[in-house]
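J.: Pasting the sequence and the predicted coordinates here, then a few questions.
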Amino acid sequence: MKTTFYGQASFAIEAGGKSLLFDPFISYNPMAKDIDINTLKPDYILVSHGHGDHVADLLQIQKNSAAVVICIAEIAGWLESKGVKNAHGMNIGGGFNFDFGRVKMVNAVHSSTLPDGAPGGNPAGFLIHSEGKTIYFAGDTALTYDMKLLEDENLDWAFLPIGDNYTMGADDAIKAAGFINCNNIIGMHYDTFPVIKINKDEVAEKFVKAGVNLKLLRIGESLTL
Ligand code: NI
Ligand code: MN
């Protein structure tokens, strides 16, 4: 399994022979100007919630790739209203076996209005089981006690927001790593906007002190999971 970072909360994950793309916000992100979205041909796009910094490139990339969009039922309905025929709506607590592995939609504490003002239902995170590994993509979320429900999932890696202001910051992400019982964290949702700029050295030091492995990928960088 391999992941590639595209900025903010956008990652590709190669899993089970398929290409998954999470929360596409790339062409609208000046930090990701070297990524050409027309080269992205995912089989699946997973959308955690409806905010612009997670869906800005969703319709274009879906059109280019005919990817199946995995998202909460309200966003699936919104996509259908935009002419997307293969949205796979789910809801919190539900899982489904796809051809690359199993996806379970889990709770996130945040909000979720779509860019045109349509309601995006509840925000979500995803548990991905594929190739014998288990990955948690938290989406935009506060630290929440519900994360404790993941402690016996034997997580290999977790994608957690660390940028503060709109989501949990580094201190709460370290607590979250404890709640979910996962020591391999990929940080996301930082530096894109002035209010979520982080001091990477300070954050790295906090994680080292807590004994938690934090990876901060450069945009375009890949990591084997
Ligand atoms: Ni958000
Ligand atoms: Mn966001």
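T.: Noted; the coordinates are in hand. Ligands and ions are numbered 1, 2, ... in the order given.

J.: Can you spell out which helices and strands pack onto the helix or strand harbouring residue 78?
T.: Following DSSP states H and E, the helix or strand that holds residue 78 is helix 73-81. On a contact count with 3 or more CB pairs under 8 Å, 6 or more residues apart in numbering; DSSP states H and E, helix 73-81 meets helix 58-65, strand 68-72, strand 87-90. Yep, even glycine has a C-beta here, placed from its N, CA and C like the rest.

J.: between that helix and helix 58-65, how big is the angle?
T.: Using axes from the mean of the first three to the mean of the last three CA atoms, to 10 degrees, the inter-axis angle of helix 73-81 relative to helix 58-65 is 60 degrees.

J.: re earlier: okay, the helices and strands packed on helix 73-81, which one's buried deepest?
T.: Sort the helices and strands packed on helix 73-81 by mean neighbour count, taking mean count of other CB atoms under 10 Å, and strand 68-72 sits at the top with a mean of 24.

J.: ok, and what's touching that strand?
T.: Applying CB atoms under 8 Å, 6 or more residues apart in numbering, the external contacts of strand 68-72 come out as 43-47, 49, 58, 62, 75-76, 79, 84, 86-92, 98, 103, 105, 112, 120-122, 124, 126.

J.: make it 7 Å
T.: For strand 68-72, contacts defined as CB atoms under 7 Å, 6 or more residues apart in numbering pick out 43-47, 62, 79, 84, 86-91, 103, 105, 121-122, 124.

J.: Tell me the strands beside it, with direction?
T.: Sheet pairing for strand 68-72, assigned by DSSP bridges, gives strand 44-46 (parallel), strand 87-90 (parallel).

J.: Among the ones you listed, which comes closest to ligand 1?
T.: strand 44-46 (14.6 Å; CB to the ion).

J.: Next secondary structure element downstream of the closest one?
T.: Taking DSSP H and E, what comes next after strand 44-46 is helix 52-55.
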